[in-house]
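> Sequence first, predicted model second:
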Amino acid sequence: MIVVLKGGSTAEQVREISERLVEFGYQVNPIFGVEKTVIGAVGGSEHTKVDFIDQLKAYDSVEDVVLITKPYKFVAKEYNKGEKSRIDLGGGVIIGGDEVVMMAGPCTVESEEGLFKTAERVAAAGAKILRGGAYKPCTSPYSYQGMGTDGLKLLRAAADKYGLKVVTEVMHVRKVEEVAEYADILQIGTRNMQNYDLLTEVGRCRTAVMLKRGMTAKLEEWLLAAEYIAAGGNERIMLCERGIRTFEPYTRNTLDLSAIPALNSLSHLPVIVDPSQGTGRRELVAPMSKAAVAVGADGLIIEVHPNPDHAIKDGAQSITIETFEKLMPELGAIANAIGRNLVENIRRLPALG
């Protein structure tokens, strides 16, 4: 449930209501707003909730009590009073605001030269966040697993040089602290969406988290996975639609664009779309990116490589730097048409070659 306190409520009144909730078996999470304070409460006995709500409403400091019936509480839209959460990464990068935020870079960090070249060009085209895998989950144990710590250091160095933030995947609870040292966003990949130990661990830190949808996950299962993170105290969560597994073999996955407006109606969390993993085909990345912006995505994460045909990982779904540069103003036009914006060409593009 959500307890909305009247404007001007004192710290003592917030403490009083919080203690009363704890007495009834609830886990409480006060959110102090500019005008009002709300207290999110999770748990409690189902058969006592109705009577308890009446007791809470009797307090002079309580304006309203809203009962949330969904199995997920903290990530439900009602929890944030129906408003989209805004995740401020610093430096003017806000996810969940008016701007559609672009994340771009190679699937995997392969070399310093290639990473820095990509970072420079995508930043010049308007990307705000550098993506790249330092640790890579692979179906085969013999595939390239990434550069590890060295890859993290290169991502941070390239991002800092060109004014970008970093998003990269964390795969194990023992690596959360290390990856968080270099990354601004911790990516939880599709294979780990229901790795509850890992979700709990990233819930304990305060680094923003991008939770990718499991390849066979229903929306409710996905949101409940996000609930693990939020219940741990980390509310800086964004969801990433990256395609689901269906019977269609032409694409690597089936990008579920209907999930974007659906999530926007169910949750206050920002929604990111990955058209690279979502299709597995570079010729489909641009049109699906445009479609994602049109239906309400808060950002895109796109695989961009200087020479995709020679990429170590996922070259078939990576677009060239030049394609990304051409795509940005086209996405900007779509964003403007739906009342949003997308910053592109914020710096003069360097000479080709």
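Perfect, I can see it now.

> Would you indicate which residues of stretch 139-146 are buried?
Buried residues in stretch 139-146, defined by neighbour count with 16 or more other CB atoms under 10 Å: 145, 146. For glycine as for every other residue, the C-beta is placed from the backbone atoms N, C-alpha and C.

> hmm, who's touching that stretch?
Residues outside stretch 139-146 that contact it (CB atoms under 8 Å, 6 or more residues apart in numbering): 108, 109, 133, 134, 135, 136, 138, 312, 313.

> ok, now which ones touch residue 136?
107, 108, 143, 144, 145, 146, 169, 313.

> do that again at 6 Å, thanks
108, 145, 146 (CB atoms under 6 Å, 6 or more residues apart in numbering).

> repeat for residue 331
293, 342.

> what are the phi and psi angles of it?
phi -70, psi -40 (degrees, to the nearest 10).

> And residue 283, by the same measure?
Torsion angles, degrees, to the nearest 10, at residue 283: phi -70, psi -10.

> what about it, neighbour count?
11 (other CB atoms under 10 Å).

> what's the answer for residue 288, then?
Residues near residue 288, counting by other CB under 10 Å: 22.

> ok, now residue 43?
There are 14 residues near residue 43, going by other CB under 10 Å.

> go on, residue 311?
Residue 311: 19 neighbours (other CB under 10 Å).

> In contact with residue 128: list those residues for me.
93, 101.

> List the buried residues of stretch 78-97.
78, 79, 80, 84, 85, 87, 89, 93, 94, 95, 96, 97.

> and the residue nearest to the spatial centre of the chain, what element?
The centre of the chain sits closest to residue 238, judged by CA atoms, centre = their mean, with a distance of 2.4 Å. If you go by DSSP states H and E, residue 238 is part of strand 237-241.

> And the helices in the stretch 201-350 of the chain, which stretches?
219-231, 259-266, 275-279, 282-294, 321-337 (DSSP state H, counting those that start in this stretch).

> Just the CA trace of the second one, in PDB.
Looking back up the chat, that one is helix 259-266. Below are the C-alpha coordinates for helix 259-266, written out as PDB (Å, rounded to 0.1, in the frame of the first residue of the first chain):
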ATOM      1  CA  ALA A 259       5.700  -4.400 -24.300                       C
ATOM      2  CA  ILE A 260       6.700  -0.700 -24.300                       C
ATOM      3  CA  PRO A 261       3.300   0.900 -24.000                       C
ATOM      4  CA  ALA A 262       2.200  -2.000 -21.800                       C
ATOM      5  CA  LEU A 263       5.000  -1.400 -19.400                       C
ATOM      6  CA  ASN A 264       4.300   2.400 -19.400                       C
ATOM      7  CA  SER A 265       0.800   1.600 -18.200                       C
ATOM      8  CA  LEU A 266       1.900  -0.900 -15.600                       C
END
